[in-house]
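# have a look at this fold, sequence not included:
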C-alpha cells in the first residue's frame, strides 16, 4: 500500500513536472517571439531615428539657406535705400542751386527795374 501511495505520488509529481515543462516551453516560445519583436521594433526605431536625423539635417540646411537669402535681400534693400538717399540728396542740391540761380535772376531783374525807374 505504501508502494502504491508512493507510485501515485510519483505519477502526480511526474504529471506536475510535465505541466511545468509545457509551461516553461510556452514561456520560452513567448520570450523568443518577444525578443524577435523587440529586435524588429529596434530596427524600425533605428531606421526612424536615421530618417529623422536626415530630415533634421535637411531642415537645418534649408533654414541656413533661407537665412543667407534673407541677409542678401536685406543687404540689397539697404543698398537700394542708400542709392535712393543719394539720389534725393542730389535732387535737393540741384533744387537748392536752381533756387539760388532764380533768386539771383530775380535780384538782377529788380536791380534792372530799379535802375530803369
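That came through, no problem. All figures in this text were calculated on a predicted structure; none of them were measured in a lab. Numbering: from 1, shown residues only.
# what number of residues lie near residue 90?
Residue 90 has 10 neighbours, counted by other CB atoms under 10 Å. Placement of C-beta: from N, CA and C, glycine included.
# neighbours around residue 34, how many?
Residues near residue 34, counting by other CB under 10 Å: 10.
# what does residue 12 give?
Per other CB under 10 Å, the neighbour tally for residue 12 reads 10.
# show me the helices in the chain, by range?
Ranges of helices in the chain, per DSSP state H, are 2-116.
# and the spatially most central residue of the chain, how close does it get to residue 53?
By CA atoms, centre = their mean, the chain has its centre lying nearest to residue 59, at 4.4 Å. Distance, residue 59 to residue 53, by CB to CB, to the nearest Å: 11 Å.
# can you give me the distance of residue 114 to residue 10?
150 Å.
# before we move on, what about residue 113?
For residue 113 relative to residue 10 (CB to CB), the value is 148 Å.
# likewise residue 73?
92 Å.
# which residues do residue 59 and residue 53 both contact?
Common neighbours of residue 59 and residue 53, counting by CB atoms under 8 Å, 6 or more residues apart in numbering, are absent.
# residue 35 and residue 50: what is the separation?
To residue 50, residue 35 is 22 Å away according to CB to CB.
# wait, residue 32
From residue 32 to residue 50 the distance is 27 Å (CB to CB).
# please apply the same query to residue 110.
89 Å.
# try residue 86
For residue 86 relative to residue 50 (CB to CB), the value is 54 Å.
# how distant is stretch 3-20 from the center of its chain?
Centroid displacement of stretch 3-20 relative to its chain, using CA atoms, centre = their mean, to the nearest Å, is 69 Å.
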